[in-house]
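> Next input, structure requested:
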Amino acid sequence: MDTHYDLIVIGSGPGGASLAQALAPTGKRILILERGDYLPREEANWSAKAVFVDGRYQADETWVARDGREFQPQLHYYVGGNSKVYGAALFRLRERDFEEVAHTGGTSPAWPLSYTDFAPWYDAAETLFHVHGCRGEDPLDPGTAPYPYVPVRHEPKVQELPDRLAGIGLHPFHLPLGIRLDQKEDGFATPTSTCMRCSFFDGFPCLLNGKADAQVMCIDPMLAAHDNVTLLTGAYAERLETDASGRRVTGVQVTRGGQAERYTADTVVVACGALSSALLLLRSVSDAHPAGLANGSGLVGRNYMRHEMAIVMAVMKETNDTVFQKTLALSDFYFGADDWNYPLGLIQMCATSHAEQIKGEAPFGSLMQHLPDMPFEELARHSMDFWLQAEDLPDPNNRVYYRDGRVHLDVTPTNAEALDRLKARLKKMLSDIGWPAMLLDRSLYLGKDIPLAGTAHQAGTCRFGTDPATSVLDLDCRAHEVDNLYITDASFFPSIGAVNPTLTIIANALRVADILKARL
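Here you go, the predicted model:
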């Protein structure tokens, strides 16, 4: 068996899969290493209890938090990576997000590249991942070309929300969604649409493959069309080897099926997710790299960001029988408000609550004191669900690392006041439009036993820049210290903004793919 390739890509999530599919037509031999397997297609994909309460698809690992408590990280090791359970909200970073921005919690640093440097690849990313949206509705959206697909239409109850919000001077817009949906004029799915607009879109694996995830949009079509691409599942990259100088990766040590294997390539791209990519580099110690591969700056694993996030259920007197609820967002408070000069963040809707999720939530004891006779099913019918996120600021003390053979994740909130104010804005906003609500935090949204802010929207652990002393990667996302090593997940982010990071990951992966075409 020939174990040498032109390119090895470690990780099949959006950053690895997008790059690989862009390079597959070159005819070069490409090996994709994925530590997991295909996520099982089973009825449990659409079980709120299995997905959220039991954490059926969550990584079976135990990490240690800053305070010493143990937790199960919200990571998903499958073909397609964490995109198998993402919400598919695909935003562009705002133009100002690439600049230095002052926050109440500190400063968000400027990127070494501007929005215009990413714009062409944002266009390509939206096409690749079937993004549905309406250009021009979001006042902060920097895109100019129309979205490749029309927006996902609001259901009647959700449509009342933008109508009322516009009446108080706000600018709600259709959420840009990566979805394989063909709509009729009334908004319902056509008889042949892959997506059927069900209530299991957000945070659930899609049983119909209607979500535009990295497996469905990149891996499967690529493998069908290009026999020069090989995918190995169950292949855990233990460490990267280098030559004596430490300037070139010479091999990837892999454990597969309990056996040790070794693969080599002219170029290696790491795209395991910001946390796992940093851990791979930290495992790859050598005489040339005693602190971990490409870690001469000491920044590998540091400046971890994941947004300041809250999932809230707004319980109202009115009923809400919406099935597909994740169609609306609001950015009016993204960079500030009339009573606050600092950025607040983004408000977007998420999927409708299911009774099993509500039943499994720990914080609802106080609610039951107010509504003791309301069953969980009825509570779900009287709620709307919102995802709030403020920018998390880079802090070198927020980091992932090994100690005594165990993974430690140190996280201290950096911008909590912005999130608190954003939540207050949501409550006031609903009251102002005549929908007063009790807002309740949900902690099980993406997995069991840990708040959402644990590992969702992971970014920043191998930031890019021009100075090797203050960054891990150069502007091409190549390691400063290793000539043939690139990273294309969200590790490279110097800051994270307050929008979901996946579209920027895809756009950057396509940008790096164009750079690698010349090299390969």
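
> drop to CA atoms for contacts and neighbour counts, all remaining ones
Fine.

> how close does the closest residue to residue 457 other than its chain neighbours sit to residue 114?
Of all residues not flanking residue 457 in the chain, residue 306 sits nearest, at 4.8 Å (CA to CA, 6 or more residues apart in numbering). According to CA to CA, to the nearest Å, residue 306 and residue 114 sit 21 Å apart.

> The two: who's more crowded?
Comparing residue 306 with residue 114 by other CA atoms under 10 Å, the one with more neighbours is residue 306, at 28 against 14.

> Name the nearest residue to residue 305, ignoring sequence neighbours.
Nearest non-adjacent residue to residue 305, counting by CA to CA, 6+ apart: residue 459, 5.1 Å away.

> Please enumerate the helices of the protein.
Remark: helices assigned in the chain by DSSP state H are 14-23, 48, 115-128, 156-167, 214, 220-225, 274-283, 355-360, 365-370, 376-381, 416-432, 502-519.

> ok, and which of those helices has the densest surroundings?
Most buried of the helices of the chain, by mean neighbour count (mean count of other CA atoms under 10 Å): helix 14-23, with a mean of 28.

> sorry, back to before: doesn't residue 493 make contact with the residue nearest to residue 305?
Yes. Here residue 459 reaches residue 493: they are 6.1 Å apart, a contact under CA atoms under 8 Å.

> Those two: which is more packed in?
Set residue 459 next to residue 493 and count neighbours by other CA under 10 Å: residue 459 wins out with 30 against 25.

> show me the contacts for the more buried one.
Contacts for residue 459 (CA atoms under 8 Å, 6 or more residues apart in numbering) come out as 273-275, 304-306, 489-493, 496.

> any chance of these in a markdown table, plus pLDDT?
Output for the contacts of residue 459, formatted as a markdown table (pLDDT from 0 to 100):
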| residue | pLDDT |
| --- | --- |
| 273 | 97 |
| 274 | 98 |
| 275 | 97 |
| 304 | 97 |
| 305 | 96 |
| 306 | 92 |
| 489 | 98 |
| 490 | 98 |
| 491 | 98 |
| 492 | 98 |
| 493 | 98 |
| 496 | 98 |
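
> which of these lies closest to residue 483?
Using CA to CA, residue 492 is the member of those that sits closest to residue 483, with 16.5 Å.

> Would you mind measuring from that closest one to residue 12?
Residue 492 sits 17 Å away from residue 12 when distances are taken as CA to CA.

> Centre-most residue in the protein?
By CA atoms, centre = their mean, the chain has its centre lying nearest to residue 457, at 4.3 Å.

> Can you verify my assumption that that residue contacts residue 501?
Yes. The pair residue 457 and residue 501 passes the contact test of CA under 8 Å, sitting 6.6 Å apart.

> Of all the strand elements in the protein, which one is longest?
Assignment by DSSP state E gives strand 259-270 as the longest strand of the chain.

> Quick check: neighbours of that strand in the sheet, parallel or antiparallel?
strand 4-10 (parallel), strand 249-256 (antiparallel), strand 485-487 (parallel) (DSSP bridges).

> residues in contact with it?
By CA under 8 Å, 6+ apart, the residues outside strand 259-270 that reach it are 3-11, 16, 249-255, 277, 484-489.

> among these, which ones are buried?
Buried subset of these (neighbour count, 16 or more other CA atoms under 10 Å): 4-5, 7-11, 16, 249-255, 277, 484-489.

> can you redo the strands paired with strand 259-270 as CSV with mean pLDDT and distance to residue 311?
Formatted as CSV, these follow (pLDDT from 0 to 100; distance: least, CA to CA, whole Å):
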stretch, mean pLDDT, distance to residue 311
strand 4-10, 98, 32
strand 249-256, 98, 37
strand 485-487, 98, 30
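
> Make CSV out of these and add distance to residue 66.
Shown next, in CSV, are the strands paired with strand 259-270 (distance: least, CA to CA, whole Å):
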stretch, distance to residue 66
strand 4-10, 28
strand 249-256, 29
strand 485-487, 26
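
> for the ones you listed, which one sits closest to residue 340?
strand 485-487 (37.2 Å).

> Now the residue nearest to residue 244 when sequence neighbours are not counted, what are its backbone angles?
Leaving aside its chain neighbours, residue 244 sits nearest to residue 288 (6.9 Å; criterion: CA to CA, 6+ apart). Note on residue 288: backbone dihedrals following degrees, to the nearest 10 are phi -80, psi -20.

> thinking residue 288 is in contact with residue 246, fair?
Yes. Here residue 288 reaches residue 246: they are 5.1 Å apart, a contact under CA under 8 Å.

> I'd like the distance between residue 382 and residue 35.
From residue 382 to residue 35 the distance is 41 Å (CA to CA).

> Can you give me the neighbour number for the nearest residue to residue 430 once chain neighbours are set aside?
Closest residue to residue 430 apart from its sequence neighbours, by CA to CA, 6+ apart: residue 436 at 5.5 Å. Applying other CA under 10 Å, we find 17 residues neighbouring residue 436.

> Residue 436 touches residue 383, doesn't it?
No. Contact criterion CA under 8 Å: residue 436 and residue 383 do not qualify, at 11.2 Å.

> and residue 386, what does it touch?
311-314, 347-350.

> On the strand side of things, show who it bridges to.
residue 312, residue 349.

> Could I get the phi/psi values of residue 191?
Residue 191 adopts backbone torsions of phi -60, psi -20, taken as degrees, to the nearest 10.

> State the distance from the residue nearest to residue 244 to residue 247.
Going from residue 288 to residue 247 by CA to CA gives 9 Å.
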